[in-house]
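K.L.:
Have a look at this prediction, sequence included:
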Amino acid sequence: DTAVSQTPKYLVTQMGNDKSIKCEQNLGHDTMYWYKQDSKKFLKIMFSYNNKELIINETVPNRFSPKSPDKAHLNLHINSLELGDSAVYFCASSQKGSAFFGQGTRLTVV
Amino acid sequence: GNSVTQMEGPVTLSEEAFLTINCTYTATGYPSLFWYVQYPGEGLQLLLKATKADDKGSNKGFEATYRKETTSFHLEKGSVQVSDSAVYFCALRGDTNAGKSTFGDGTTLTVKP
């Protein structure tokens, strides 16, 4: 069973489009995250949710809107996609300790 | 705020060579320290961790010791294999902000046969 699963794995889209990435964890964790990894492998936290409540928002453009319908899901919606949004996006979850990551979604904006 | 500084890469080694990847941190209180590994095309996965000073984390032949006096958590392996080729991330999780981990910039390791 996959602990943290995110879909889709690959996403290619045109500038200006709106897209969503979904994430689900079956670990029973209270906290979920979205990270962005650029081409140099630098990892930056975008958002953190604890029990469906937003607790971290790291100065991400408001084109990015996370939604947590329940504590097992944290989806990421991106409006008006820009070339600079191209990256790998990772969902993760944790419970007072180490984080468990999804496989990543490679977003390419053309 | 919290920060993690790790050795810049890329690091290229021959099989069976000794590996050290340096990691130092800045944090208030008593953070937990982690090493994560990212194999090509995959997400990060926990390699090892230490939750208090002088603890040694170990896994798959890798080790790191939590040194509070030098604020370091260097990753070591005595004999690397080609399959260890990956990106390695040092990270900390503060005890005052339980919801957030701070990651280093990652170090790419390539092991050649």
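P.N.:
Received, thanks.
K.L.:
and chain A, which residues reach chain B?
P.N.:
A:4, A:31, A:40-43, A:45, A:48, A:50, A:55-56, A:90, A:92, A:94, A:96-104 (Cβ under 8 Å from any Cβ of the partner chain). The C-beta positions use only the backbone N, C-alpha and C, and glycine is treated the same way.
K.L.:
neighbouring contacts of whichever strand or helix holds A:Ser68?
P.N.:
Per DSSP states H and E: A:Ser68 is located in strand A:64-70. Counting contacts by Cβ atoms under 8 Å, 6 or more residues apart in numbering or on different chains, the residues outside strand A:64-70 that touch it are A:32, A:34, A:46-47, A:49, A:52-54, A:74-79.
K.L.:
phi, psi of A:Lys40?
P.N.:
The phi/psi pair for A:Lys40 (degrees, to the nearest 10) reads phi -90, psi 10.
K.L.:
Any idea how many residues pack against it?
P.N.:
For A:Lys40, the count of nearby residues is 8 (other Cβ atoms under 10 Å in any protein chain shown).
K.L.:
so what pLDDT did it get?
P.N.:
Confidence at A:Lys40, expressed as pLDDT, is 91.
K.L.:
That one: what's it in contact with?
P.N.:
Under the criterion of Cβ under 8 Å, 6+ apart, the neighbours of A:Lys40 are B:Asp105.
K.L.:
Report whether whichever strand or helix holds B:Ala64 contacts chain A.
P.N.:
Here B:Ala64 is covered by strand B:62-65, with elements defined by DSSP H and E. No: judged by Cβ under 8 Å from any Cβ, strand B:62-65 stays clear of chain A, getting no closer than 13.5 Å.
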